[in-house]
Structures are given as structure tokens and as C-alpha cells.
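In: Dropping the sequence and predicted coords here.
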Amino acid sequence: MDPGLRPLSARHARREEADPPARDRRAVDRWFHARSSAVRPHLRGRGQVSVRRGGWLIDLPRTASTIVVGGGVVGAAAAYFLCDRGERDVLVLERDKLGSGTTKGGLGGIRHQFVDELDIRMSQLATAFWRNFEDRTGSRHDFEERGYLFIANTEEGVAQLREPMPLYERMRAAVRMVSRVEIAELVP
């Protein structure tokens, strides 16, 4: 384990209202521990590791140059782009089926309205990726560009929305201010 690694704060692990109920009532250890005792001596050579509830991880490679922990939208995307850039030895570890517990917050919306250049650029790259997804992967998807609307109901709120507009223009982000009349036309 990396000696610079620190445990997550207790606040980080606090459940939120929308979280599904835990499978069991025991607290989850927030450290990752490599436990050699998890590998049964008679199975070590076959790459099988004992896991909770009597399940087995079978046919795991003995080595991998890159291991991605979590097969939600972020983990799957990380593995995809590593392979897309030529990495050929990527292992994705997921406790359930890939994509079955997608990363919280990755709900399918892409917006370009950020105050940080890196976030804007990442959203632009994500939009370009989804526009070309079928050509790149041969798989269909249901991505639709419908826009993203922030509404301010005070002059202060309007000023806050207007403040980053020069950044959006410089980054060529497809962002514009709209009037009340335009909002009614955009979202009838």
C-alpha cells in the first residue's frame, strides 16, 4: 500500500438518503488491504480467490499492468480509454456485474457551464465522444443533445450566471444567456 495513502474521513462514508440499503449491517472497511489469507493455498496456482458469501473469482490473471477498481461509468471509461490508447493489460474489478452500480452522480447529463477550464474541456471531450460513440465502438446509444438550463430568480443570481461568460467564449463552449421568453420557447 502507498505509504502516503490516508483513510477517507468518516464523513465521506456517511450514507445519503438515496443510497440503497446495505446488504449487511456491518460497516465497510475504508482501507484496501491485500490479504494473502484470502487466497486458499490449494487454489493459489489457479488464480482463484475466495470472496464473501462463498463466491469465487475465477481465472484472474496473475499480473496486470493496470487494475481499475470499480466497473461503474468512471471505471469502465477509464479502462476503455486506457485500451484505446494502446494499453493491453487492463483488469477491471467489480463486485457485481459491470455497470450494475454506476458511479453516483453520473446520471447521463453533460453540461459545459463550469468555472474551471479543465472541467469545461472535459465536458467538451465527453460531448465529442458521445457524438462519435457508434462510429468508434459499433454500439448504439441513446445520447441526445438537449441543452442544459440554469435559472436565476434574482439579479444576484443572474450576475453569477453572467460572470463566467467570457471564459465560456474563450473556451468555445456552447453556452449562452437566454431571456424569459426564450426559456418558455426552449422548455414549453
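Out: Perfect, thanks for sending it. Only a predicted model underlies this, so the values are computations on that prediction, with no experimental measurement involved.
In: So which elements touch the lengthiest helix in the chain?
Out: Of all the segments of type helix in the chain, defined by DSSP state H, the longest one is helix 117-131. Helix 117-131 sits against helix 165-170, with contacts defined as 3 or more Cβ pairs under 8 Å, 6 or more residues apart in numbering; DSSP states H and E. C-beta here means a position set from N, CA and C on the backbone, and glycine is covered the same way.
In: Rounded mean pLDDT for the helix it packs on, please.
Out: Regarding helix 165-170, the rounded mean pLDDT is 96.
In: got a list of contacts for the helix or strand following it?
Out: For helix 165-170, the succeeding helix or strand toward the C-terminus, using DSSP states H and E, is helix 180-186. Outside helix 180-186, the residues that touch it by Cβ atoms under 8 Å, 6 or more residues apart in numbering are Gly147, Leu149, Ile151, Val178.
In: May I see the buried residues of the longest helix of the chain?
Out: By 16 or more other Cβ atoms under 10 Å, the buried positions in helix 117-131 come out as Ile120, Ser123, Gln124, Thr127, Phe129, Trp130.
In: related to what we said a few turns ago, ok, so of the contacts of helix 180-186, who is nearest Met171?
Out: Gly147 (17.2 Å; Cβ to Cβ).
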